[in-house]
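1. Test case, fold it:
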Amino acid sequence: MTPPMNSAASVSVQGLLHDYGERHVLRGLHFTVPEGEIFGLLGPNGGGKTTLFRILATLLRPTGGRALIMGHDVTREPGEVRRRIGVVFQSPALDRVLTVRENLHVHGRLYGLSGRGLRGAAEEMMRRVRLLDRADDRVGTLSGGLMRRAEIAKGLLYRPRLLLMDEPSSGLDPGARQDLWGLLRDLRGHDGTTVLLTTHLMEEAERCDRLAILSDGVLVAAGTPRQLKAEIGGDVIVISAAAPEEIRQGIETRFGGPVQVVDGSVRLERPSGHELIPRLVETFADRIDSVTLGRPTLLDVFIHKTGHRFFGDETPARSSGRGVT
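-> Alright, predicted model coming up:
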């Protein structure tokens, strides 16, 4: 019997599965998003983020499991879910020939808004995203950042309690990304809007209140960025060498494991890593090209949890010690 879900949460996902034929894209996801939180789904392309996004937006029926939005099942009650969410897709869904105002009016009518109420809502949203002075400009003349603001205004037009955003910073310059995050924090703090977004950008993930990290359809970690990085438990040392596998074996023999080879570099996690580096250099001086030391990042968390790099192939990192958890 499936246990009850938390209907008070903005999003509750339990045992969610999705297959495309014989390809398993989502493999039993479980997580909850409280109200008033900016929650990120972090993972590489092909990790399952977009499929999950489409299920939550009621555009795709899951193969198994269930998901609730504000207590309403996305499969059994899609109409109720749609009345409570705003959606901002990665690819623009605006009519480039129409003005910003006209786009909002068309979208509002699809949701039953009309007359003075529609005009007032459109004005308010354009003011909120600082587009009021561009209201009568054709969308096709706007920059990428301004177009993204128009997309958000459209998604917020009927004041949804949950805003779903697929790769919100896609195509934006650093200044536009900063503006976007100022707006999202304002929505969370001023309106209590819950934001759930997908991203493959570490910088963007760092700004979320909490994260779920996806890899190959599996949730490999969840928590605040600070909590996730604290799980590394020390410094990260990365060694560049012509024969990384030889260095890996030598370090494990001399200093203990675990040690990994990831994307052609030797990688190890140690408390007080700065104390170990002089000993590594002394032992392997003629075989090491460079050594770097850093505090754990979300990229390190991903490698730590999965054993492979974030982008590209998913060949497991080689390690003989206790392995990757």
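2. going forward, measure contacts between C-alpha atoms and count neighbours the same way
-> Will do.
3. This structure: strands as residue ranges?
-> For the chain, applying DSSP state E gives strands covering 11-20, 23-33, 38-42, 64-69, 72-73, 85-88, 162-166, 194-199, 210-215, 218-223, 235-240, 260-262, 265-270, 290-294.
4. buried set for the last one?
-> Neighbour-count burial for strand 290-294, counted by 16 or more other C-alpha atoms under 10 Å, picks out Val291.
5. List the strands paired with that strand, with their directions.
-> Taking DSSP bridges as the criterion, strand 290-294 pairs within the sheet with strand 235-240 (antiparallel).
6. One more: the third one?
-> Neighbouring strands of strand 38-42 in its sheet, by DSSP bridges, are strand 194-199 (parallel), strand 210-215 (parallel).
7. same thing with the first one?
-> As defined by DSSP bridges, the strand partners of strand 11-20 come to strand 23-33 (antiparallel), strand 64-69 (antiparallel).
8. what bits of this structure have low per-residue confidence?
-> Along the chain, segments meeting pLDDT under 70 span 1-8, 311-325.
9. Domain parsing of it, as residue ranges.
-> Here the domain parsing of the chain from automatic domain parsing is 11-224, 231-306.
10. Can you tell me which of those is most buried?
-> domain 11-224 (a mean of 19; mean count of other C-alpha atoms under 10 Å).
11. First-to-last residue distance for it?
-> In domain 11-224, first residue to last residue: 17 Å (C-alpha to C-alpha, to the nearest Å).
12. next one: that domain to chain centre, how far?
-> For domain 11-224, the separation from the chain centroid amounts to 11 Å (computed by C-alpha atoms, centre = their mean, to the nearest Å).
13. got the CA positions of stretch 70-86 in PDB?
-> Included here for stretch 70-86 are C-alpha records, laid out as PDB according to Å, rounded to 0.1, in the frame of the first residue of the first chain:
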ATOM      1  CA  MET A  70      -1.000  21.600  -3.400                       C
ATOM      2  CA  GLY A  71      -2.600  18.300  -2.500                       C
ATOM      3  CA  HIS A  72      -4.000  17.600  -6.000                       C
ATOM      4  CA  ASP A  73      -2.800  14.600  -8.100                       C
ATOM      5  CA  VAL A  74      -1.200  15.700 -11.400                       C
ATOM      6  CA  THR A  75      -2.700  12.700 -13.200                       C
ATOM      7  CA  ARG A  76      -6.200  12.500 -11.700                       C
ATOM      8  CA  GLU A  77      -6.800  16.300 -11.200                       C
ATOM      9  CA  PRO A  78      -4.800  18.100 -13.900                       C
ATOM     10  CA  GLY A  79      -7.400  20.900 -14.100                       C
ATOM     11  CA  GLU A  80      -7.000  21.700 -10.400                       C
ATOM     12  CA  VAL A  81      -3.200  21.600 -10.700                       C
ATOM     13  CA  ARG A  82      -3.200  23.900 -13.700                       C
ATOM     14  CA  ARG A  83      -5.300  26.500 -11.700                       C
ATOM     15  CA  ARG A  84      -2.500  26.600  -9.100                       C
ATOM     16  CA  ILE A  85       0.700  26.700 -11.200                       C
ATOM     17  CA  GLY A  86       2.500  29.100 -13.500                       C
END
